[in-house]
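K.L.:
Need coordinates for the following:
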Amino acid sequence: MSQSEAEFWSWVAEEVKQARPQEGIEDVVAWLEEQKAKAEELRFSYSLRNEPLKAAYEEGRLEVINAVLKKLRRVGV
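P.N.:
Model prediction:
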């Protein structure tokens with residue numbers, strides 16, 4: 001790649017970076033809350049359908065999501 005081509009792609013990358021909105025920690029927390037709700041619904045659904053392995057998987061997801069949310073709240077989010 002020539003120097004001018006490298007500069008062009010560097011410029012393109014910088015423009016794309018500036019054009020995209022930056023995600024804040026609030027966005028991450030909102031996404032985690034959505035994932036938590038989905039996992040709770042799926043866990044309940046799998047329990048009703050007597051699919052214990054899938055229910056256990058969703059329970060594990062919930063534990064991890066709750067742990068992350070707890071740590072984020074501890075640091076003041």
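K.L.:
only C-alpha atoms for contact and neighbour calcs from this point on.
P.N.:
Fine.
K.L.:
Three-state assignment for residue 21, please.
P.N.:
Following DSSP: H, G, I helix; E, B strand; the rest coil, residue 21 is assigned to coil.
K.L.:
Secondary structure element holding residue 38?
P.N.:
In the assignment (DSSP states H and E), residue 38 maps to helix 25-48.
K.L.:
Quick check: mean pLDDT of that helix?
P.N.:
For helix 25-48, the mean per-residue pLDDT is 95.
K.L.:
Show me the contact partners of it.
P.N.:
52, 54-56, 58-59, 61-62, 65-66, 69, 77 (C-alpha atoms under 8 Å, 6 or more residues apart in numbering).
K.L.:
Drop the exposed ones from those residues and show what's left.
P.N.:
54-55, 58-59, 61-62, 65, 69 (16 or more other C-alpha atoms under 10 Å).
K.L.:
Including distance to residue 40, secondary structure and pLDDT, could those residues go into a markdown table?
P.N.:
Putting the buried ones among the contacts of helix 25-48 into a markdown table (distance: C-alpha to C-alpha, whole Å; DSSP: H, G, I helix; E, B strand; the rest coil; pLDDT from 0 to 100) gives the following:
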| residue | distance to residue 40 | secondary structure | pLDDT |
| --- | --- | --- | --- |
| 54 | 12 | helix | 97 |
| 55 | 9 | helix | 97 |
| 58 | 7 | helix | 97 |
| 59 | 8 | helix | 97 |
| 61 | 9 | helix | 95 |
| 62 | 7 | helix | 97 |
| 65 | 11 | helix | 95 |
| 69 | 15 | helix | 94 |
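K.L.:
I'd like the residues you listed as CSV, with distance to residue 39 appended.
P.N.:
CSV is the format used below for the buried ones among the contacts of helix 25-48 (distance: C-alpha to C-alpha, whole Å):
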residue, distance to residue 39
54, 10
55, 9
58, 5
59, 7
61, 7
62, 6
65, 9
69, 14
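K.L.:
which of these sit farthest apart?
P.N.:
Greatest spatial distance among those (C-alpha to C-alpha): 54 and 69, at 22.5 Å.
K.L.:
Distance from the chain centre to the host helix or strand of residue 9, please.
P.N.:
Per DSSP H and E, residue 9 falls inside helix 3-19. Relative to the chain's own centre, helix 3-19 is displaced by 27 Å; criterion: C-alpha atoms, centre = their mean, to the nearest Å.
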